[in-house]
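Visitor: Next come a sequence and a model predicted from it.
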Amino acid sequence: MLMFVGDDHESVATAFIAGDDVLLVDSLGSQEDARRLQSSLCGEMGKTVRIVAATHFMSDHIAGMRLFDEATTIAHRHHRHTFLSQNRQVDAFYREPQVLFDGDLRLRWGRHELHFLHNPGRTLDHISVDVPSADLVCAGDNIVGNTVYVSKADPTLIRGAVKRMRQLGRGTVVGGHMGRFPPAVLDNALHYLDRLQLAVLRIRIDVAMPDVNGHIAAIAIEDCLAPGIEPSAFEREWHQHNLEAIVAQSTFSLDAALAVRRERA
C-alpha cells in the first residue's frame, strides 16, 4: 500500500498494489497532483491503475478519475447528490461511475479484501474503506485530522460516522486530507465536534442575538481540541471554515432551541 498527499488541499490518495495492478481509493484534488500520481505509479513504477474508487464525490478527491480513463470507477449511488451540493464543483473532473452500490461492497485485491462501507456523515454518499488485513480504514472527509468539517452536513451524522469507524478498531486511519493517523484521531475528532457544539450552544442560549455571530466567529480551535493536541495549519484553516459555516447556516440552532425547551419543561 502507498499513500500520496497532493499539494491541493492536502488531499490523499491510497494505492493498493497487486502485482502490476493498482486500486486507488480517491485520486487527489487537482490535475497537476493527479498527473504526478500517474507519473509515479505508471511511469516510474510501471503499474497500471485498474480501479479508482471514491470515498465521496467531491472535486478535491476525484481529479484523477478521468485521467485514468481505462480504470473501472466505483462510487456510492448518491454520488451525484454530493457532487452537485459541494461548494467547489469542478465539472471537468466528473466521470460517471461504472460500479454503483448502495450498502456495502467487498472486493478482493491481491492479499487484501477491501470492505466498502456506506458511512454517511460529511456527505450522504460517504464510504469508509475498511481493510482488516492491513489494519487500516480510509476515512475520507468524515475527519479532518483531529477535527471534523461540518460544512452543510448534519453534525449528528458526522458523529455517527466517526463512531462507526472507531468500532472497527483499526490501527491506522487514513484521512481524506493530510495523511495517516493513529486510531486516537477518531476520539480526537469526536472531542473536537462535541466541544465545538457545546461552545456554540452556550453562545446561542446565553448571548443576546446581535452578538451571537461575533462570539461564534471568535471560538478558538484550542478550546475545542483534545488535551495535548497542537493544531496544524490545515486544521486551523478548516476550523475557521467551520465557524463561517456555522454562522452562515445557523448550525446547532435547532439543538439550542431543543435545549431551551427541555429547560422550560
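Guide: That came through, no problem.

Visitor: so where's the stretch 151-265 of the chain uncertain?
Guide: Within the stretch 151-265 of the chain, no stretch has pLDDT under 70.

Visitor: ok, now which ones touch the most centrally placed residue in the chain?
Guide: Of all residues in the chain, the one closest to the mean position by CA atoms, centre = their mean is Asp141, 0.4 Å from it. Asp141 makes contact with Thr55, His56, Met58, His61, Arg122, Thr123, His126, Tyr149, Gly175, Gly176, His177, according to CB atoms under 8 Å, 6 or more residues apart in numbering. Where C-beta positions appear, they are placed from N, C-alpha and C, glycine not excepted.

Visitor: Mark which of the residues you listed are part of strands, please.
Guide: Under the assignment DSSP state E, the contacts of Asp141 contribute Gly175 to strands.

Visitor: quick check, nearest of the contacts of Asp141 to Asp104?
Guide: Nearest to Asp104 among the contacts of Asp141: His126, at 13.0 Å, using CB to CB.

Visitor: Now for the closest one, how many residues are close by?
Guide: By other CB atoms under 10 Å, 28 other residues sit near His126.

Visitor: That one is in contact with Asn142, isn't it?
Guide: Yes: between His126 and Asn142 there is a contact at 6.0 Å, judged by CB atoms under 8 Å.

Visitor: so what sits against both of these two?
Guide: Contact with both His126 and Asn142 is made by residues Asn119, Ala161, according to CB under 8 Å, 6+ apart.

Visitor: The stretch 151-265 of the chain: strands as residue ranges?
Guide: Assigned by DSSP state E, counting those that start in this stretch, the stretch 151-265 of the chain shows strands spanning 172-175, 180-181.

Visitor: Report all helices and strands that the last one contacts.
Guide: Under the contact definition 3 or more CB pairs under 8 Å, 6 or more residues apart in numbering; DSSP states H and E, strand 180-181 sits against strand 172-175.
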